[in-house]
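Novice: Pasted the sequence and its predicted model underneath.
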Amino acid sequence: MKKFSVVIAGGGSTFTPGIVMMMLDNIDRFPMRELVLYDNDGERQAVLGEALEILLKEKAPDLKFSYTTDPKEAFTDKDFCMAHIRVGKYEMREKDEKIPLRHGVIGQETCGPGGIAYGMRSITGMLEIIDHMETYSPDCWMLNYSNPAAIVAEACRVLRPNSKVLNICDMPVGTLRRMSQIIGKDPQDLEVRYFGLNHFGWWTSVKDKEGHEYLDQIRDYVAENGYLTQVEVDTQHMDQSWQETHKKAKDLLAVNPRYLPNTYLKYYLYPDYEVAHSDRNYTRANEVMNGREKEVFSAARTIIETGTAIDGGFHIDSHASFIVDLARAIAFNTHERMLMIVENNGAIANFPDDAMVEVPCIVGNDGPEPLAQGKIPAFEQALMFQQVTVEKLVVEAYVEQSYQKLWQALTLSKTIPSAKVAKDILDDLIEANKDYWPELH
Ligand SMILES: NC(=O)c1ccc[n+]([C@@H]2O[C@H](COP(=O)([O-])OP(=O)(O)OC[C@H]3O[C@@H](n4cnc5c(N)ncnc54)[C@H](O)[C@@H]3O)[C@@H](O)[C@H]2O)c1
Ligand SMILES: O=P(O)(O)OC[C@H]1O[C@H](O[C@H]2[C@H](O)[C@@H](O)[C@@H](O)O[C@@H]2CO)[C@H](O)[C@@H](O)[C@@H]1O
Ligand SMILES: [Mn+2]
């Protein structure tokens with residue numbers, strides 16, 4: 001079987017060790033001849049790089065491994081780029097989440113004003129790594145995980161329409177694991193129908209391979225418990241804030257019992273509740289800086305000090321194995337069925353063709369082919385149209401350096417009560433992002 005050469009863009013990511021270990025665990029299904037980490041923060045990346053060098057010498061001595069900040073070194077002779085960059089890192093995520101809360105608006109990583117601010121930063125970073133990839137390995141495919149995926153996907157559609165970039169999200173993958181717990185099935189045995197935008201969608205069917213429909217059974221459970229399961233299936237979501245999010249799904253179902261909701265809809269349908277239950281001095285960014293980020297880098301430093309990764313505290317992110325499924329689908333034309341963020345082009349019959357939607361796709365060596373999801377009801381259609389217009393306005397604002405369009409994007413968001421509040425938040429975000437956003441006029 002062919003051996004692949006992979007670059008991870010955002011090598012200093014808290015997810016890098018877990019994803020590398022997951023890829024080692026799948027080495028038989030997806031053999032690698034080379035793995036390179038690439039980051040624009042060499043100091044941050046070197047901590048994980050040095051630790052992973054020790055781990056790979058112990059677990060995969062034949063795999064050629066390196067880490068670099070040099071794009072030519074990183075992207076030359078590569079088959080796949082797995083991208084998970086965070087432009088501005090956690091310092092900026094904290095501002096994304098705290099600035100809106102100062103104005104009584106939700107503070108969130110990818111939703112509302114925080115997501116818009118993050119999107120304006122991410123577009124520049126994404127264009128950078130896409131252009132590096134195409135300069136040094138024109139046939140390489142980018143499996144992009146970098147957020148905010150909805151805005152990043154729209155920016156790719158507008159600014160890099162012919163690039164081989166696949167935008168993915170693991171929220172539906174995680175929630176399907178919860179659903180499989182609820183009905184006592186293996187997630188691999190379930191096939192879903194789903195429509196929405198990234199972090200803004202609904203399941204319309206959950207069937208097993210025999211065609212048995214579980215939507216009603218899951219809905220009955222979620223109406224009582226949300227997506228909280230007896231056994232926690234997600235090591236990343238042990239924190240109370242995530243537990244609350246999974247529990248809130250019951251209130252999302254209450255307002256729209258037709259379909260099963262993506263948990264992120266809570267920020268749009270219950271923004272007042274979210275603000276009232278947020279600590280404006282300690283947000284999710286703080287939880288991660290004091291949790292996952294500290295744990296991952298502390299484990300890396302221990303591995304470096306002891307010289308061994310055996311029992312070294314890096315944990316496999318087996319949840320992320322769908323990334324390997326996607327790479328295999330491209331490499332081996334497997335026609336894997338998975339949710340992807342793709343140009344609509346009729347997949348949702350009564351929604352704009354040029355909207356970036358999250359729907360089930362069949363993935364082969366030419367990329368994803370969306371499966372038709374039919375017409376969607378007016379309630380979901382109207383919510384999605386408002387949100388997708390926000391996302392499109394953000395990309396237009398970025399391209400045109402337009403203060404007016406970014407103000408309109410914020411004003412249109414369901415998370416912001418008025419144009420006045422939108423403008424106050426915008427002016428604060430411009431100041432906070434002066435090292436990252438294009439200058440607005
Ligand atoms: N799609 C999904 O469902 C999903 C799931 C989990 C995480 N994520 C995303 O994965 C990304 C990484 O998350 P994290 O918490 O590990 O972030 P992190 O801050 O720990 O790591 C991000 C890395 O990206 C690097 N980086 C920033 N800009 C860069 C650029 N222009 N070129 C190269 N490297 C750059 C940073 O230096 C940092 O080392 C984030 O965007 C996060 O939102 C997405
Ligand atoms: O608050 P964070 O940084 O812990 O998580 C934010 C991300 O949350 C989702 O990804 C989850 C995923 O849903 C879960 O199953 C598991 O794999 O952990 C991931 C990270 O928590 C969401 O899809 C991402 O877009 C967010 O960035
Ligand atoms: Mn996501």
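Specialist: Nice, I can see it. Ligands and ions are numbered 1, 2, ... in the order given.

Novice: Reduced to three states, what does the closest residue to Val47 other than its chain neighbours come out as?
Specialist: The shortest distance from Val47 to any non-neighbouring residue, by C-beta to C-beta, 6 or more residues apart in numbering, is to Ala300 (4.9 Å). C-betas here are computed from N, CA, C, even on glycine. Look at Ala300: counting by DSSP: H, G, I helix; E, B strand; the rest coil, its state is helix.

Novice: how far away is Ala300 from Thr68?
Specialist: Distance of Ala300 to Thr68, computed by C-beta to C-beta, to the nearest Å: 17 Å.

Novice: neighbour count winner among the two?
Specialist: Neighbour count, other C-beta atoms under 10 Å: between Ala300 and Thr68, Ala300 has more, with 25 against 19.

Novice: Any idea how many residues pack against Pro360?
Specialist: For Pro360, using other C-beta under 10 Å, the count is 21.

Novice: Quick check: closest non-adjacent residue to it.
Specialist: Using C-beta to C-beta, 6+ apart, the nearest residue to Pro360 is Leu371, at 4.7 Å.

Novice: mind listing the helices for the stretch 51-200 of the chain?
Specialist: 71-75, 89-102, 112-136, 149-159, 171-183 (DSSP state H, counting those that start in this stretch).

Novice: could you redo those as JSON lines and give each row mean neighbour count and distance to ligand 2?
Specialist: Conversion of the helices of the stretch 51-200 of the chain to JSON lines gives the following (neighbours: other C-beta atoms under 10 Å; distance: least, C-beta to the nearest ligand atom, whole Å):
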{"stretch": "helix 71-75", "mean neighbour count": "18", "distance to ligand 2": "23"}
{"stretch": "helix 89-102", "mean neighbour count": "21", "distance to ligand 2": "8"}
{"stretch": "helix 112-136", "mean neighbour count": "23", "distance to ligand 2": "10"}
{"stretch": "helix 149-159", "mean neighbour count": "25", "distance to ligand 2": "6"}
{"stretch": "helix 171-183", "mean neighbour count": "20", "distance to ligand 2": "2"}
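
Novice: and of those, who's closest to Ile19?
Specialist: helix 171-183 (13.5 Å; C-beta to C-beta).

Novice: I'd like the mean pLDDT over the closest one, please.
Specialist: If you average the pLDDT over helix 171-183, you get 96.

Novice: ok, and what's touching that helix?
Specialist: Helix 171-183 is touched from outside by 186-187, 189-190, 192, 194, 199, 201, 203, 206, 214, 217-218, 221-222, 227, 229-231, 233-234, 237, 246, 260, 262-264, 319, 322, 339, 358, with contacts defined as C-beta atoms under 8 Å, 6 or more residues apart in numbering.

Novice: Name only those of those that count as buried.
Specialist: Buried by 16 or more other C-beta atoms under 10 Å: 187, 190, 192, 194, 199, 201, 203, 206, 214, 218, 221-222, 227, 229, 233-234, 237, 246, 260, 262-264, 319, 322, 339, 358, out of the contacts of helix 171-183.
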